[in-house]
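1. Here is the input, now give the coordinates:
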Amino acid sequence: MKFQATVFFAVLAIILLTGLVGQAHAIQMTALMVPSTDQAQVTFTGEKIITIKYSPGSALANEFNGKEETVEFTVNGTVDNDGGTGMTKVIQTVNDDLLNEKNSLAQISQASLHYKGTIRGNPDSVLLAYTVNFEPTIQKYVLSGNSQQGVVLDVNWRSVVVNQSLVVNADIPGYGKQQVEVNYPIGLLQVTHPDLAKKLENSQAAGIFHDPLLAFDRFGPPAAPMTIWHFLFDATGAQAGAQGLLNEGANASKVVSIFALGESSFREGVYNAVETDSSANIDGTAYSIHSTTPPPSGQLTIAGFAKPDTRQNAEVMVVTADAPPGTTSSGNFPIQVLLVFGGMMGAIAIFILFKARK
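-> Here you go, the predicted model:
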């Protein structure tokens, strides 16, 4: 048994580490929740690839063929102060969406945003690749304190969709100080090719370029209620201690719970990329446009033993410091699933590389 436990946690550690690498190429939501502090460190990652196809020798071919451009920057701020980056308004907008769209009382107190947009031109197409990492600190998700039943946590915030424009002020290497639209794909072209951006916004393809990058509806109901997320927990405290989740005091968490989403199976179905096609007529020439959003990959780590529940038709987690007697360490997340989950991560990375080279 001791050997099996050692192997389990060794494999778990490897998969969690490789998962973090693989998840950089997926629509991602990861969170570390510590109920005793009522704080969660969260990463939302929006990914998208847009390909504009054109004929060799066309106006867009002359504009993009052989060209590689990157717009990349990081901005930070709090709900009260951002030093002129515009992040305060971004945080307020997302907080409003949490309340109005998700009926969640959880609120962001501070956040950083890392934006990377890449343009790669070829003789017959140009590829636009986007990655937006939004990393907020979320508070006020504890709905009720310690009781015999446990602590009740709000988890509705995990599937927030930000439909509004989000503009920040950034100093971009090679482009100087700019106001940048970071939620809509058109923002990349507004910085690098403003004339083309205006024409696309007035074309049939405007919808693709205004499809939000920060859209995480695939992590919540109806697509993914917590009951279909895979669950495991560490009953020994070893992993909890390694992650700094063991709190001091009589109500200290002795275990850590992990919920993961993204492994295709008969139970959950297959997580496919979302693909959209459109066209644009620019200066009398027709161009085809294809948008690809990768499948989702999520991980929710909670200090304590967490069990999904519903309260007033809203999803919650009920968390206790210890697991119920007789509960096994792997929950409903057997080692075979962990191995498949790790393989899925690698498949996502291969998918992105394949799309980038098409």
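
2. How much space separates V316 from L153?
-> 6 Å (Cβ to Cβ, to the nearest Å). Quick note: C-beta positions are derived from backbone N, CA and C, even for glycine.

3. Show me the shaky parts of the stretch 251-358 of the chain.
-> When residues are selected by pLDDT under 70, those of the stretch 251-358 of the chain lie in 251-253, 264-269, 328-358.

4. Can you show me the strands along it?
-> Ranges of strands within the stretch 251-358 of the chain are 256-261, 274-282, 285-293, 296-303, 305-311, 314-320, based on DSSP state E, counting those that start in this stretch.

5. sorry, back to before: between V316 and L153, what contacts are shared?
-> Common neighbours of V316 and L153 are listed as L143 (criterion: Cβ atoms under 8 Å, 6 or more residues apart in numbering).

6. Of the strands of the stretch 251-358 of the chain, which is nearest T327?
-> strand 305-311 (7.5 Å; Cβ to Cβ).

7. Quote the end-to-end distance of stretch 278-296.
-> Length of stretch 278-296, first residue to last, Cα to Cα, to the nearest Å: 23 Å.

8. Which among the strands of the stretch 251-358 of the chain is found nearest to S109?
-> Of the strands of the stretch 251-358 of the chain, nearest to S109 by Cβ to Cβ is strand 296-303, at 18.9 Å.

9. partner strands of the closest one, parallel or antiparallel?
-> Partners of strand 296-303 in the sheet, by DSSP bridges, are strand 27-34 (parallel), strand 256-261 (antiparallel).

10. So for that strand, what gets flagged as buried?
-> 296-303 (16 or more other Cβ atoms under 10 Å).

11. and if you look at stretch 103-117?
-> By neighbour count on 16+ other Cβ under 10 Å, the buried set for stretch 103-117 is 104, 106-108, 110-115, 117.

12. residue contacts, L213?
-> Going by Cβ under 8 Å, 6+ apart, the list of residues near L213 reads 46-48, 130, 132, 182-185.

13. Name the nearest residue to it, ignoring sequence neighbours.
-> Nearest non-adjacent residue to L213, counting by Cβ to Cβ, 6 or more residues apart in numbering: G46, 3.5 Å away.

14. So what pairs up with that neighbour in the strands?
-> Legend: beta-bridge partners of G46 under DSSP bridges are V132.

15. again, but for Q110
-> With DSSP bridges as the rule, Q110 is bridged to T78, T137.

16. same deal with H230?
-> Bridge pairing for H230 - DSSP bridges - gives A260.

17. returning to what we had before: ok, the residue nearest to L213 - contacts?
-> G46 neighbours (Cβ under 8 Å, 6+ apart): 27, 130-132, 134, 212-216.
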